[in-house]
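J.: Sequence and computational prediction follow.
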Amino acid sequence: MQNGGGMPAEGDMQAMMEQMQKQRAAQEAKIKSFLTDDQKKKYDEIQEQRRQQRQQGGQGGFGGGFGGFGGGMPQ
């Protein structure tokens, strides 16, 4: 799996990402299986907000929405 530098090879990384996406989809389906329609709607809204926060925070800094760390580092 590793190419000697401590990082997975590019093909291994792609396979890992695909596996993680499948696991996330399965997890989301399982969660939604016991939610009401109103709860599913709210869940989808929250997930969309989280996606937007990750995109905005992915430009460097802390990113991602962990309490007060969501805005990145000042420049």
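T.: Alright, I've got the coordinates.

J.: When you work out contacts or count neighbours from here on, use the C-alpha atoms and nothing else.
T.: Will do.

J.: in the helix ranked longest in the chain, what's buried?
T.: Secondary structure of the chain per DSSP state H: the longest helix is helix 10-33. Neighbour-count burial for helix 10-33, counted by 16 or more other CA atoms under 10 Å, picks out K32.

J.: buried ones in the helix or strand that it is followed by?
T.: Once the chain leaves helix 10-33, the next helix or strand it forms, by DSSP states H and E, is helix 37-57. Within helix 37-57, the residues that count as buried by 16+ other CA under 10 Å are Y43, Q53, Q56, G57.

J.: and helix 37-57 with helix 10-33, angle?
T.: Between helix 37-57 and helix 10-33, the angle comes out at 150 degrees (axes from the mean of the first three to the mean of the last three CA atoms, to 10 degrees).

J.: pLDDT on helix 37-57, on average?
T.: Mean per-residue pLDDT for helix 37-57: 93.

J.: ditto for stretch 14-25
T.: Here the average pLDDT along stretch 14-25 is 94.

J.: Return it as PDB; C-alpha atoms alone will do.
T.: C-alpha atoms of stretch 14-25 as PDB (Å, rounded to 0.1, in the frame of the first residue of the first chain):
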ATOM      1  CA  GLN A  14      -8.200   6.500  -5.200                       C
ATOM      2  CA  ALA A  15      -9.400   3.100  -4.000                       C
ATOM      3  CA  MET A  16      -9.400   4.400  -0.400                       C
ATOM      4  CA  MET A  17     -11.500   7.400  -1.400                       C
ATOM      5  CA  GLU A  18     -14.000   5.300  -3.300                       C
ATOM      6  CA  GLN A  19     -14.300   3.000  -0.300                       C
ATOM      7  CA  MET A  20     -14.900   5.900   2.000                       C
ATOM      8  CA  GLN A  21     -17.600   7.300  -0.300                       C
ATOM      9  CA  LYS A  22     -19.400   3.900  -0.300                       C
ATOM     10  CA  GLN A  23     -19.200   3.700   3.500                       C
ATOM     11  CA  ARG A  24     -20.500   7.300   3.800                       C
ATOM     12  CA  ALA A  25     -23.400   6.500   1.500                       C
END
